[in-house]
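Asks: I need the structure of the sequence given here:
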Amino acid sequence: MYKSTKIRDDIVWIGVNDRKIEKWESHIPLDFGVTYNSYVILDEKICIIDGVEEGENGDFFRKLEATIGDRQVDYIIINHVEPDHSGSIKSLLKMYPDIKVVGNVKSISILKLLDIDVPDDRAIVVKEKDILDLGKHKLTFYLMPMVHWPESMSTYDMTDKILFSNDAFGSFGALDGAIFNDEANLNIFENEMRRYYSNIVGKLGAPVNAILKKLSSVEISCICPSHGLIWRKNIDKVIEKYQKWANIEAEEEGVVIIYGSMYGHTTEMAEILARQLDERGIKNVQIYDSSKFDISYLFSAIWKYKGLMIGTCTHYNMAFPKIEPLLQKLENYGLKNRYLGIFGNMLWSGGGVKRVKEFADRLTGLEQIGEPIEVKGHVTPIDREKLIELANLMADKLIADRL
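Replies: Numbers count the residues shown, from 1 in each chain. Model prediction:
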């Protein structure tokens, strides 16, 4: 028997966990699964806010029916039309003959492109700050284009001051019992939340800042996103994180060292850098072998720490095959506000370090630390001293920022 999870006495979470999914949008690993959050408001009118992915409809409808009994659903609000939110619409239209689909003009039109045909007499098109009256609850809407699709919007319950934010403030990771942020181990979820933001929304800082500004004057008692934990405590903390992420500002002092190595020489260079950083008192140092980690994890780490060091061997006059796509994605997302050190290895032709340097030169928001270090073959004592100096320059920058 399903036990409902209440946000308020008359607002219930009917979301589902998907632990079977392996990759988000076929390319981002989901080691901890994901949630599709959906909410139902029990008022004079019954209103669902966001559906779930079609493959999880069985669990979704069991929870819905256990919550509303034999009452009819009056509205389904679609804040965002991606299939992980709109996968319930076709079934809802069949099950509830009087249900209306509520969305903005773009969302209704894009639904048709996804083979979800909503008849005109069953669609309600809303604009910014329109009000949907359920009885006790009055809902209004805030358009948030490109956070992260052009039709994206959020729904705000004016009665209980609850923001149904859709993908904003969302996270990867299924919910392991805890539904609310004050019930959970936030160390795990903050990492998955950052990984979600940096990879899904990270390119869209300007639209995110626009919606944060729009919502800054709105009283919010609870944030109910479409993925991840519901935030009912310390809401200012999650908003502050979003502000940092939107501006691509580091959360903490620290250095991420990402390298690609075929024969171990670049690996050795990374280890020398990390050891010297530790000796200088930089506590948060993380080394990533790019061949072993998906790029989504690298992005999350880069979004967290102020220092970045990229190392590569040369592969046919290019950077290491796992470093090349990292550079491409970082440039596409407009990485900035980071200190960058460059190092690498070659045997005869070189080219890998040059590729990283060219990438860095194009991103004017990066501050390059020292000169790139390119070692030929094994690391000599002279090379070691150059690497130690590069690490010292990075440490000097980070320590100066403490003042």
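Asks: Secondary structure element holding S296?
Replies: Element membership for S296 (DSSP states H and E) is helix 295-304.
Asks: Any buried residues in the top helix by length along the chain, and which?
Replies: Counting residues, the longest helix found in the chain (DSSP state H) is helix 381-402. Going by neighbour count (16 or more other Cβ atoms under 10 Å), the buried part of helix 381-402 is 383, 386-388, 390-392, 394-395, 398. Every C-beta, even on glycine, is put in place using the N, C-alpha and C of the backbone.
Asks: Need the contact partners of it.
Replies: Identification of contacts with helix 381-402 by Cβ atoms under 8 Å, 6 or more residues apart in numbering yields 253-255, 269, 272-274, 276-277, 280-282, 306-307, 309, 339, 341, 343, 367, 369-370, 373, 375, 379.
Asks: Next one: G260 from L229, what distance?
Replies: 35 Å (Cβ to Cβ, to the nearest Å).
Asks: Below-threshold pLDDT in this structure: ranges please.
Replies: Residue ranges of the chain with pLDDT under 70: 1-2.
Asks: Helices of the stretch 301-403 of the chain, start to end?
Replies: 323-333, 352-362, 381-402 (DSSP state H, counting those that start in this stretch).
Asks: For F293, which of these is the nearest?
Replies: Set against F293 and scored by Cβ to Cβ, the helices of the stretch 301-403 of the chain come closest in helix 323-333, at 10.0 Å.
Asks: just the CA coordinates of that closest one, formatted as CSV?
Replies: Provided in CSV are the C-alpha atoms of helix 323-333 (Å, rounded to 0.1, in the frame of the first residue of the first chain):
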residue,chain,number,x,y,z
ILE,A,323,41.1,15.5,-23.3
GLU,A,324,40.1,16.9,-26.7
PRO,A,325,36.3,16.6,-26.0
LEU,A,326,36.8,18.1,-22.6
LEU,A,327,38.4,21.2,-24.1
GLN,A,328,35.7,21.4,-26.7
LYS,A,329,32.9,21.2,-24.1
LEU,A,330,34.6,23.7,-21.7
GLU,A,331,35.0,26.2,-24.6
ASN,A,332,31.4,25.7,-25.6
TYR,A,333,30.2,26.4,-22.1
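Asks: Next, the buried residues of that helix.
Replies: In terms of neighbour count (16+ other Cβ under 10 Å), helix 323-333 has its buried residues at 323-324, 326-327, 329-330, 333.
Asks: From start to finish, how long is stretch 6-18 in a straight line?
Replies: 20 Å (Cα to Cα, to the nearest Å).
Asks: which other residues reach that stretch?
Replies: For stretch 6-18, using Cβ under 8 Å, 6+ apart, the contacting residues are 4-5, 33-43, 48, 52-53, 55-56, 59-60, 63-64, 67, 136-137, 157, 160, 162, 174-175, 179, 222, 224, 230, 232.
Asks: Show me which parts of that stretch are buried, residue by residue.
Replies: 7, 10-18.
Asks: And those, which two are furthest apart?
Replies: Once Cβ to Cβ is applied, the buried residues of stretch 6-18 give D10 and D18 as the farthest pair, at 26.8 Å.
Asks: Domain-wise, how is this protein divided?
Replies: Using automatic domain parsing, the domain parsing of the chain gives 5-246, 255-398.
Asks: How far does the last one stretch from one end to the other?
Replies: Spelled out, that is domain 255-398. This stretch, domain 255-398, spans 9 Å end to end (Cα to Cα).
Asks: Then stretch 13-30?
Replies: Start-to-end, stretch 13-30 (Cα to Cα) is 22 Å.
Asks: Next: stretch 194-208.
Replies: Taking Cα to Cα, stretch 194-208 runs 14 Å from one end to the other.
Asks: And the closest residue to Y96 other than its chain neighbours, how close does it get to D160?
Replies: Leaving aside its sequence neighbours, Y96 sits nearest to V73 (Cβ to Cβ, 6 or more residues apart in numbering; 4.5 Å). Going from V73 to D160 by Cβ to Cβ gives 20 Å.
Asks: V201 now?
Replies: 26 Å.
Asks: of the two, who's got more company?
Replies: Using other Cβ atoms under 10 Å, the more surrounded residue of V201 and D160 is V201, with 21 against 16.
Asks: Three-state assignment for the closest residue to the more buried one other than its chain neighbours, please.
Replies: Distances taken as Cβ to Cβ, 6+ apart put H148 closest to V201, at 5.1 Å, once the chain neighbours are dropped. Following DSSP: H, G, I helix; E, B strand; the rest coil, we place H148 in the coil state.
Asks: Likewise for L132?
Replies: At L132, secondary structure determined by three-state DSSP is strand.
Asks: May I have the residues that are in contact with it?
Replies: 47, 75, 77, 102, 124, 126, 138-141.
Asks: Chain neighbours aside, what residue packs nearest to T155?
Replies: Spatial nearest neighbour of T155, excluding adjacent residues (Cβ to Cβ, 6+ apart): F164 at 4.2 Å.
Asks: oh, I was asking about I188
Replies: In space, I188 is closest to G173, 7.0 Å off (Cβ to Cβ, 6+ apart).
Asks: quick check, that neighbour in a helix?
Replies: No - counting by three-state DSSP, one finds G173 to be coil, located in no helix.
Asks: okay, now the nearest residue to T159 once chain neighbours are set aside: neighbour count?
Replies: Using Cβ to Cβ, 6+ apart and skipping the chain neighbours, the partner closest in space to T159 is H137 (4.7 Å). Counted with other Cβ under 10 Å, residues neighbouring H137 total 21.
Asks: hang on, the earlier thing: for the residue nearest to T155, give the beta-bridge partners.
Replies: T155, C224 (DSSP bridges).
Asks: any idea how far it is from H137?
Replies: 11 Å.
Asks: Give me the common contacts of these two.
Replies: Taking Cβ under 8 Å, 6+ apart as the contact rule, F164 and H137 both touch D157.
Asks: Cross-check the contact I'm expecting between S300 and N191.
Replies: Yes - using Cβ atoms under 8 Å, S300 makes contact with N191 at a distance of 6.5 Å.
Asks: the more surrounded of those two?
Replies: S300 (23 against 18).
Asks: in which helix or strand would I find the closest residue to I14 other than its chain neighbours?
Replies: Nearest non-adjacent residue to I14, counting by Cβ to Cβ, 6+ apart: K63, 4.1 Å away. According to DSSP H and E, K63 maps onto helix 57-68.
Asks: quick revisit: from memory the residue nearest to V201 sits against G202, does it?
Replies: No - here H148 lies out of contact with G202, judged by Cβ under 8 Å, at a distance of 9.6 Å.
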